[in-house]
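Chemist: Here is my input; please provide its structure:
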Amino acid sequence: MDKITTSIITIGDELLIGQTIDTNSAWMAQQLNAMGIWVHRRVAIGDVREDILDALTKESAVSDIVLITGGLGPTADDITKPTLCEYFNTRLVQNQEALDNVLHIFESRGLPMLQRNIDQSLVPEAATVIENKRGTAPGMWFEKEGKIYVSMPGVPHEMKGIMENYVLPKLEAHFKTPAVVHQTLVTSGMGESFIAERLVAFEAKLPPHIKLAYLPSYSLLKLRLTGQGKDKLSVAAEVSILFHQLKALLEDITVTDQDISMGEVLGKLLKEKGKTMGTAESCTGGLISSWITAVPGSSVYFKGSAVTYANEMKVKMLGVKPETLQEHGAVSEATVREMAAGALTLLQTDYVIAVSGIMGPDGGTPEKPVGTVWMAVASAAKTVTVKYQLRYDRERNTQMTAVYAMNELRKLILE
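Modeler: As a prediction, this is how the structure comes out:
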């Protein structure tokens, strides 16, 4: 089965100097992969005419589809449209629908119109114009020598609207793509190499059209089975059987059998059981709460958080005893126990998470080096405390603490 391949070209000097992180390519790749279109290459280039022309030539030689984002704004450094005119041997013309869209946006916001805003409705004559319902720069679809090119704004919200409403459905209709089925198992508590050792026999028996991918992230390891073939039902059935075998081999370290966040994992559990939770956070500074509330509908089970970063707040808000802090320190089992007890009283929830640690780069001592973390998860009936000794930078230590603490609560709820 011939693969349908894509190249993604992201345009903008800000991408090359690291001022803007390219999240567009990752999102586009996920959407394309899910429908059986494989991303062959991702290329980032600056706002340079020669580089854009060179990238278009090179990528169209190796891919069926070339997706371009960026360089469509109203300022002088946005040169994608004139360069596309040169590549497709065409000229810029006014598009009435795009102009109406620009006029509507500025009128509805009560903003004055500048010529440079009106010029955003100029498009290459050879293009099929794609309406941008979320901004002023339209998308553009080109076809040349059997290849498809799509140019879209670099603003992620706008690009996603154009992709979802127009580009993805049209690509699916244009190409006979293979059936692709993914199933993902999320694990925690065992390193990638040890899991791989456990799965040697399982991997050896996988057929050529089904692959196992290891996707590590903070404190979690995702194992993704991907099958492809002509018939989606038969591929899905085959992947499902193998996925159940995989789950059985890793039952002791499985977090979830869906590709979802820890916030969603906890949310589903709490909703199923009709329970509520809250947090008492020190070293994570509200990160756990933000992950939980990032899930729509979390107000059903999440009541609130006490971010008690300073010791006096642990005393005032959570009732931690000054003598506990004096004797054991803020980063101790005794302190997180009292933080958890105080949070249960303050927040009136069924469950709480409490964390306190030294995230770095300084603040450590020989007895409690950087990366020392104590956490407690508690209900009225039971409190579980765990100590971790993390060894990374501040950001990673904080993220790992959040994941570990949320997973400890998951285990307590399941008891």
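
Chemist: Would you check how far apart the residue nearest to residue 92 when sequence neighbours are not counted and residue 137 are?
Modeler: Among residues not flanking residue 92 along the chain, residue 122 sits closest, at 4.4 Å (CB to CB, 6 or more residues apart in numbering). The way it works is simple: take the backbone N, C-alpha and C, and place the C-beta from them, glycine included. From residue 122 over to residue 137 the distance is 10 Å, taken as CB to CB, to the nearest Å.

Chemist: Same check on residue 371?
Modeler: Taking CB to CB, one finds residue 371 at 46 Å from residue 137.

Chemist: Quick check: buried residues in the helix or strand bottoming out on mean pLDDT in the chain?
Modeler: When each helix and strand of the chain is scored by mean pLDDT, DSSP states H and E, helix 115-118 comes last, with a mean of 87. Judged by neighbour count using 16 or more other CB atoms under 10 Å, the buried positions of helix 115-118 are 117, 118.

Chemist: helix or strand right after that helix?
Modeler: Downstream of helix 115-118, the next assigned helix or strand under DSSP states H and E is strand 122-124.

Chemist: That following strand - contacts with which helices or strands?
Modeler: With contacts taken as 3 or more CB pairs under 8 Å, 6 or more residues apart in numbering; DSSP states H and E, strand 122-124 sits against helix 80-87, strand 92-94, strand 139-144.

Chemist: any chance of these in CSV, plus distance to residue 34?
Modeler: Shown next, in CSV, are the helices and strands packed on strand 122-124 (distance: least, CB to CB, whole Å):
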stretch, distance to residue 34
helix 80-87, 27
strand 92-94, 35
strand 139-144, 20
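
Chemist: what about these, which gets the closest to residue 211?
Modeler: Comparing the helices and strands packed on strand 122-124 by their distance to residue 211 (CB to CB), the top pick is strand 139-144, with 31.9 Å.

Chemist: still on that earlier bit, counting neighbours, go ahead and name the busier of residue 122 and residue 137.
Modeler: A count of neighbours by other CB atoms under 10 Å puts residue 137 above the other of residue 122 and residue 137, at 26 against 18.

Chemist: Surely the more buried one is in contact with residue 162?
Modeler: No - using CB atoms under 8 Å as the test, residue 137 is too far from residue 162 to be in contact (9.7 Å).

Chemist: related to what we said a few turns ago, can you redo the helices and strands packed on strand 122-124 as JSON lines with mean pLDDT, distance to residue 197 and mean neighbour count?
Modeler: Below are these laid out as JSON lines (pLDDT from 0 to 100; distance: least, CB to CB, whole Å; neighbours: other CB atoms under 10 Å):
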{"stretch": "helix 80-87", "mean pLDDT": "96", "distance to residue 197": "49", "mean neighbour count": "20"}
{"stretch": "strand 92-94", "mean pLDDT": "95", "distance to residue 197": "60", "mean neighbour count": "13"}
{"stretch": "strand 139-144", "mean pLDDT": "97", "distance to residue 197": "48", "mean neighbour count": "20"}
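
Chemist: mind checking pLDDT for residue 73?
Modeler: pLDDT, residue 73: 84.

Chemist: pretty sure it contacts residue 137?
Modeler: Yes - using CB under 8 Å, residue 73 makes contact with residue 137 at a distance of 6.7 Å.

Chemist: okay, and the common contacts of the two?
Modeler: When contacts are counted by CB atoms under 8 Å, 6 or more residues apart in numbering, residue 73 and residue 137 have 120, 153 as shared neighbours.

Chemist: got the end-to-end distance for stretch 223-236?
Modeler: 16 Å (CA to CA, to the nearest Å).

Chemist: could you show me where the strands are in the stretch 251-400 of the chain, in order?
Modeler: Assigned by DSSP state E, counting those that start in this stretch, the strands in the stretch 251-400 of the chain fall at 254-256, 277-281, 302-307, 351-357, 372-378, 383-389.

Chemist: Please disregard the earlier target; I meant the stretch 1-150 of the chain.
Modeler: Under DSSP E, counting those that start in this stretch, the stretch 1-150 of the chain gives strands at 4-11, 37-45, 65-69, 92-94, 122-124, 128-130, 139-144, 147-152.

Chemist: highest average neighbour count across those?
Modeler: Highest mean neighbour count of the strands of the stretch 1-150 of the chain: strand 65-69, a mean of 26 (counted as mean count of other CB atoms under 10 Å).

Chemist: what does that strand rub up against?
Modeler: Residues contacting strand 65-69 (CB under 8 Å, 6+ apart): 4-11, 24, 28, 37, 56, 59-60, 80, 147-154, 159, 167, 171.

Chemist: go again using 7 Å as the cut-off
Modeler: Residues outside strand 65-69 that contact it (CB atoms under 7 Å, 6 or more residues apart in numbering): 6-11, 24, 28, 37, 56, 59-60, 80, 147-154, 159, 171.

Chemist: Quick one: work out the angle between it and strand 4-11.
Modeler: 20 degrees (axes from the mean of the first three to the mean of the last three CA atoms, to 10 degrees).

Chemist: For strand 65-69, which strands pair with it and how are they oriented?
Modeler: Next to strand 65-69 in the sheet, as set by DSSP bridges, lie strand 4-11 (parallel), strand 147-152 (parallel).

Chemist: just the CA coordinates of the last one, formatted as CSV?
Modeler: In CSV, the C-alpha atoms belonging to strand 147-152 read as follows (Å, rounded to 0.1, in the frame of the first residue of the first chain):
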residue,chain,number,x,y,z
LYS,A,147,0.8,17.8,-5.8
ILE,A,148,-1.4,19.7,-3.3
TYR,A,149,-0.2,22.7,-1.5
VAL,A,150,-2.1,24.5,1.3
SER,A,151,-1.0,27.8,2.8
MET,A,152,-2.5,28.8,6.2
